[in-house]
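1. Build me a model from this:
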Amino acid sequence: MGYGGAPLILGNDPRNMSEHTLNLLKNHTLLSIQEDPVEQGRLILDDGDLMIWRKYLKNGDTAFLFVSLKKDGQLKRSFSYKDLNLLAPRKLKSAFSKQYQMQNKHGLDISLNPHDCELLIFIN
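-> Have a look, this model is predicted:
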């Protein structure tokens, strides 16, 4: 059938989990993307400062994980929909509810702090 996601493996003592870690593990959006059976996420860009992973979802949505590899300074990039292999503008949802990314009629502007990430879902 499909791939599904990799099993979740904790690298910490669950009895002493931080609130932040617990919230990540209970995040419905993260879990639904991780468990989606269509495919494994695929690395589509690694330029030394930024990695982008893409996963097509069963419901027709597309998830993108943007990961800043910068050690210092903010990472700012703009992507056209063509760069991301997407059609016309779509609704955008953040798995973490951060407000610093911006969608425009031509694509997406992203801004990440060093070693930060953002998981965005383009709603079909």
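2. Just the helices from this protein, written as ranges.
-> Under the criterion DSSP state H, the chain contains helices at 19-25, 28-35.
3. Give me whichever of those helices is most buried.
-> helix 28-35 (a mean of 15; mean count of other C-beta atoms under 10 Å). Just so you know, the C-beta spots here come from the backbone N, C-alpha and C atoms, and that holds for glycine as well.
4. Quick one: mean pLDDT over that one.
-> Averaging pLDDT along helix 28-35 gives 87.
5. Make residue 1 into 7 and carry on from there
-> New numbering, starting at 7: the last item is helix 34-41.
6. Which other helices and strands does it contact?
-> strand 123-129 (3 or more C-beta pairs under 8 Å, 6 or more residues apart in numbering; DSSP states H and E).
7. Distance from the strand it packs on to the middle of the chain?
-> 4 Å (C-alpha atoms, centre = their mean, to the nearest Å).
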